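Engineer: what's the 3D shape of this:
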Amino acid sequence: MKYGTFTTGALLGGAVAAGVLVMAPIATAVTPETATISFDCGSYGSGTATLTATQDGTATTISVSTSAIKSPIAISENSVKSTLDLTKNGSGTATFTGSSNPAIPAGGDVSTGPLTGTVAAGDSLEGKSLTVVVFGITVTCNATSAQTPGPFVF
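Structural biologist: Residues are numbered from 1 along each chain as shown. Next up is the predicted model:
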C-alpha cells in the first residue's frame with residue numbers, strides 16, 4: 001500500500017529503526033580512559049603505573065599495570081588481591097578492589113584488575129595508593145606524582 005511517495009514497508013522499517021535507536025542504552029564514558037601515575041613501593045621498588053578505567057552506569061572497573069613492583073617468581077592467574085585507593089572529588093576516597101590478574105612471569109611487571117568500584121556522575125578520581133597482596137605478602141605503593149593526563153571524570 002502506498003501513502004504519498006512512501007510504501008508501508010518503508011514506513012514500518014523506519015518505525016522499527018527509530019524504535020531500536022530509542023531502546024539502545026545510553027553509553028556512559030569516563031575521561032580519560034587511560035592515565036599514568038608514579039608509585040613508590042618502599043623496598044619493593046618504584047616506577048610508573050598505567051590505570052585503565054571503564055564505566056557501565058555507576059559500576060566502574062580499573063585495571064593496573066605497574067613497573068613499580070616486579071614479581072620475583074611466576075604468579076598464577078587470579079592470585080593477586082589488590083586495593084586501589086583514589087582521591088574522590090579532591091577530598092574523599094573511592095576504593096576499588098579485586099582478586100583478578102593475568103598470569104605474571106618471574107621478573108614481570110605486576111598487573112591486576114579489573115578492580116571494581118562505584119562512581120556517580122561527575123565524580124573525579126585520582127590515584128592515591130595501591131596495596132597488593134601476593135602469597136600473604138603485602139606491598140603498599142603510594143603515589144608520588146599527579147595522575148597524567150589528569151583525574152578520571154565520570
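Engineer: moving C-terminal of the helix or strand bottoming out on mean pLDDT in the chain, what's the next helix or strand?
Structural biologist: Least confident helix or strand of the chain, by mean pLDDT, DSSP states H and E, is helix 8-23 with a mean of 41. The C-terminal neighbour of helix 8-23 among helices and strands, as given by DSSP states H and E, is strand 34-40.
Engineer: Show me the shaky parts of the protein.
Structural biologist: 1-28 (pLDDT under 70).
Engineer: Okay, and the beta partners of the spatially most central residue of it?
Structural biologist: Ranked by distance to the mean C-alpha position of the chain (C-alpha atoms, centre = their mean), the top residue is I62 at 2.0 Å. I62 has the following beta-bridge partners by DSSP bridges: A53, L115.
Engineer: Run a quick neighbour tally on the nearest residue to D123 once chain neighbours are set aside.
Structural biologist: Nearest in space to D123, with sequence neighbours left out and distances taken as C-beta to C-beta, 6 or more residues apart in numbering, is F154 at 4.8 Å. Where C-beta positions appear, they are placed from N, C-alpha and C, glycine not excepted. Applying other C-beta atoms under 10 Å, we find 18 residues neighbouring F154.
Engineer: Correct me if wrong: F154 contacts V30.
Structural biologist: Yes. Here F154 reaches V30: they are 5.3 Å apart, a contact under C-beta atoms under 8 Å.
Engineer: between those two, what contacts are shared?
Structural biologist: When C-beta atoms under 8 Å, 6 or more residues apart in numbering defines a contact, the residues bordering F154 and V30 alike are Q55, T60.
Engineer: ok, which stretches of this protein are strands?
Structural biologist: 2-3, 6-7, 34-40, 46-56, 59-70, 81-88, 92-98, 109-118, 124-134, 137-143, 152-153 (DSSP state E).
Engineer: what helices or strands is the third one leaning on?
Structural biologist: What that stands for is strand 34-40. strand 46-56, strand 59-70, strand 124-134, strand 137-143 (3 or more C-beta pairs under 8 Å, 6 or more residues apart in numbering; DSSP states H and E).
Engineer: Ok, which of those strands comes nearest G108?
Structural biologist: G108 lies closest, by C-beta to C-beta, to one member of the helices and strands packed on strand 34-40: strand 59-70, at 6.9 Å.
Engineer: Not counting the closest one itself, show me its contacts.
Structural biologist: Here strand 59-70 has contacts from 30, 38-41, 44-54, 82, 84, 96, 107-119, 130, 132, 139, 141, 152, 154, using C-beta under 8 Å, 6+ apart.
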